[in-house]
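Q: need a structure here:
(2 chains)
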2 protein chains.
Amino acid sequence: MDTIVLVGYVAGALTTLSFVPQVIRAWKLKETRDLSLAMLILFALGVLLWTLYGIWTGSMPVIAANMITFVLILVLLWMKIKYP
Amino acid sequence: MDTIVLVGYVAGALTTLSFVPQVIRAWKLKETRDLSLAMLILFALGVLLWTLYGIWTGSMPVIAANMITFVLILVLLWMKIKYP
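A: Sure, this is the predicted structure:
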């Protein structure tokens, strides 16, 4: 694997996994008042389009990172509704 | 501009601008308790690496989106410290 693709995967791992502590925090606090619903919706839509962009440009790091991020954002959206 | 690049810019605009309502919410509530600090730090680092990846792969949507996102995340980090 060349360096460029490696940096892409590390970047993707960071921006994707960053939502894990956010999900854990929402779960622990049972509260999401300070999270913006508009942010979650816009981010989810953006991540879907990034996945499409990744597919078209053949960029595996972009596809993988955004697909996993999408799932984590869906979990946060569900928590935002459950624990507003 | 071809469709692929256009989708990249729309994707970038969505994931980047999604942080604007989050900044506004933190500013209005003067509170960021439900925002995870670990999320903000990991996301900031990831976005920096995405910018590098964009430069190397010559992807302008990736560069532009991530540079602006980085600034917005810095604002949120500052708010997290100011209004914990």
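Q: gap between whatever helix or strand residue A:42 lives in and the chain center?
A: Per DSSP states H and E: residue A:42 is located in helix A:37-57. How far helix A:37-57 lies from its chain's middle: 9 Å, per CA atoms, centre = their mean, to the nearest Å.
Q: got the contact list for the longest helix belonging to chain A?
A: Criterion DSSP state H: the longest helix present in chain A is helix A:60-82. Applying CB atoms under 8 Å, 6 or more residues apart in numbering or on different chains, the contact partners of helix A:60-82 are A:5, A:8-9, A:11-13, A:15-16, A:19-20, A:22-23, A:26-27, A:32, A:35, A:37, A:40-41, A:43-44, A:47-48, A:50-51, A:53-55, B:53, B:62. Any C-beta I mention is one placed from the backbone N, CA and C, and that applies to glycine too.
Q: the inter-axis angle of it versus helix B:60-82?
A: Helix A:60-82 and helix B:60-82 are oriented at 40 degrees to each other (axes from the mean of the first three to the mean of the last three CA atoms, to 10 degrees).
Q: What about residue A:54, how many residues nearby?
A: 22 (other CB atoms under 10 Å in any protein chain shown).
Q: List the contacts of it.
A: By CB under 8 Å, 6+ apart, the neighbours of residue A:54 are A:60, A:61, A:62, A:63, A:66.
Q: Make CSV out of those and add pLDDT and neighbour count.
A: CSV is the format used below for these (pLDDT from 0 to 100; neighbours: other CB atoms under 10 Å in any protein chain shown):
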residue, pLDDT, neighbour count
A:60, 88, 13
A:61, 85, 21
A:62, 86, 27
A:63, 93, 19
A:66, 93, 26
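Q: Same list, those residues, but as JSON lines with distance to residue A:84 please.
A: Below are the contacts of residue A:54 laid out as JSON lines (distance: CB to CB, whole Å):
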{"residue": "A:60", "distance to residue A:84": "37"}
{"residue": "A:61", "distance to residue A:84": "34"}
{"residue": "A:62", "distance to residue A:84": "32"}
{"residue": "A:63", "distance to residue A:84": "32"}
{"residue": "A:66", "distance to residue A:84": "26"}
